[in-house]
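# Predicted model, plus sequence, below.
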Amino acid sequence: MNKIAITGIKPTGIPHLGNYLGAIKPAIELSHNPEIDCLYFIADYHALNYIKSKEELIELTKEVACTWLACGLDPKKVVFYKQSQVPEVTELNWLLANVTSKGLMNRAHAYKALVEKSTAEGGDPDALVNMGLYNYPILMAADILLFNSKYVPVGADQKQHVEMARDIAKAFNKRYGYTFVVPEELINKKVATIYGLDGRKMSKSYNNTIPLFCDEAKLKKLISGIKTDSSLPTDPKSTDCAIFNLYKQFATATEVQNMADRFAVGVSWADAKAELFSVINREIAPMREKYNYYKNNYDIVEKLLADGNNRAQKIARETLKRARQSIGLDSNAII
Ligand code: ADP
Ligand code: TRP
């Protein structure tokens, strides 16, 4: 039987080059493997922590859906769905919460970061934390375990969440007998972390992103604004910088070697940026066209999602039934 791979993207902002390289592109490549069945979804329940406006949630969900399809997700091969349309995930979330220690959740990076922030500002440690954020890793474990997933293709920052899903699966299996596949993260070592306009990790939270499908003029402008040092064109340059970090993701091996040679002897930032624009645009332009098509014909996307929601729900119901029986919630589980 084929192994299952699953990943989700939260509709919390306009998808950017970091999301594309770290999560979307590797996931699409994985979906071409005939020995793996993939489920890719829009993690809208997970977005509720961040997005508080109805209009924004609807708009950003549309962005993420069109992005998946524009990047090559084939809905005939991949089960493409919206998390909130498979509400079985919330029931599993509850079942899993009861095998999850509070201590495990206390160690989550996102939770700890908010506690540290609040403490540093002299406030109550939990002032910035709601239960959606605190339970986030359990809901993510439910996403993964509900579909018997073995592989979870994600960017490096999601490693801890998948490790937690693994711990939760093992705790459940230990208490109730083998029920869930124990998942593992798939992290593309070649991508790891993509830097943003200011040289930090590209992230919606830092406001330093290059939107994947901004138009050519905006793409050029954003690239020309990437922070660089004040070295002269003739000065040798380190390849450990945002420009080279992005260039090597889009250029061919020969182009990367040539650019590295030019960095070693000195290249003007303006030339390096112009070439960066050209390799990014070469890859993105055809996808941008598809993205615009789906945005303008969103009824097509909704139909595809409706079909995917049904397919996902069928699997979800079976797994949930199995989990309820393992626990002894359903009478037919009594032997
Ligand atoms: P953001 O940090 O912008 O809010 P998300 O947390 O929604 O991004 O991430 C969605 C997916 O994209 C995750 O799998 C994450 O690992 C990946 N990702 C996000 N930013 C980057 C980055 N700068 N480099 C590599 N992968 C990234
Ligand atoms: N937490 C992931 C992120 O921030 C999104 C996500 C939710 C996810 N559920 C998932 C990723 C299940 C992989 C599998 O990017």
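That came in fine, so what should we check first? Ligands and ions are numbered 1, 2, ... in the order given.

# And Asp74, how far from Leu304?
Noted for Asp74: a distance of 10 Å to Leu304, by Cβ to Cβ, to the nearest Å. From N, CA and C alone the C-beta is placed, and that goes for glycine too.

# the more surrounded of these two?
Set Asp74 next to Leu304 and count neighbours by other Cβ atoms under 10 Å: Leu304 wins out with 19 against 12.

# Who are the contact partners of that one?
69, 75, 80 (Cβ atoms under 8 Å, 6 or more residues apart in numbering).

# Could you do Leu60 as well?
Counting by Cβ under 8 Å, 6+ apart, the residues that Leu60 touches are 11-14, 47, 51.

# I'd like to know how far it sits from ligand 1.
For Leu60, the distance to ligand 1 (Cβ to the nearest ligand atom, to the nearest Å) stands at 11 Å.

# So for the lengthiest helix in the chain, what gets flagged as buried?
In the chain, assigned by DSSP state H, the helix with the most residues is helix 298-327. By neighbour count on 16 or more other Cβ atoms under 10 Å, the buried set for helix 298-327 is 301, 304-305, 308-309, 311-313, 315-316, 319-320, 323-327.

# do stretch 28-38 as well
Buried, per 16+ other Cβ under 10 Å, within stretch 28-38: 28, 30-31, 37-38.

# Which pLDDT value does the model give the residue of the stretch 51-200 of the chain found nearest ligand 1?
For the stretch 51-200 of the chain, the residue closest to ligand 1 is Gly155, as judged by Cβ to the nearest ligand atom, at 1.9 Å. In this model, Gly155 is scored at 86, pLDDT.

# That one touches Ile187, doesn't it?
Yes. With contact defined as Cβ atoms under 8 Å, Gly155 counts as touching Ile187 (7.1 Å).

# Mind checking which of the buried residues of stretch 28-38 are in strands?
37-38 (DSSP state E).

# does ligand 2 sit close to the longest helix of the chain?
No. Against ligand 2, helix 298-327 shows no contacts by Cβ under 6 Å from any ligand atom, the least distance being 12.5 Å.
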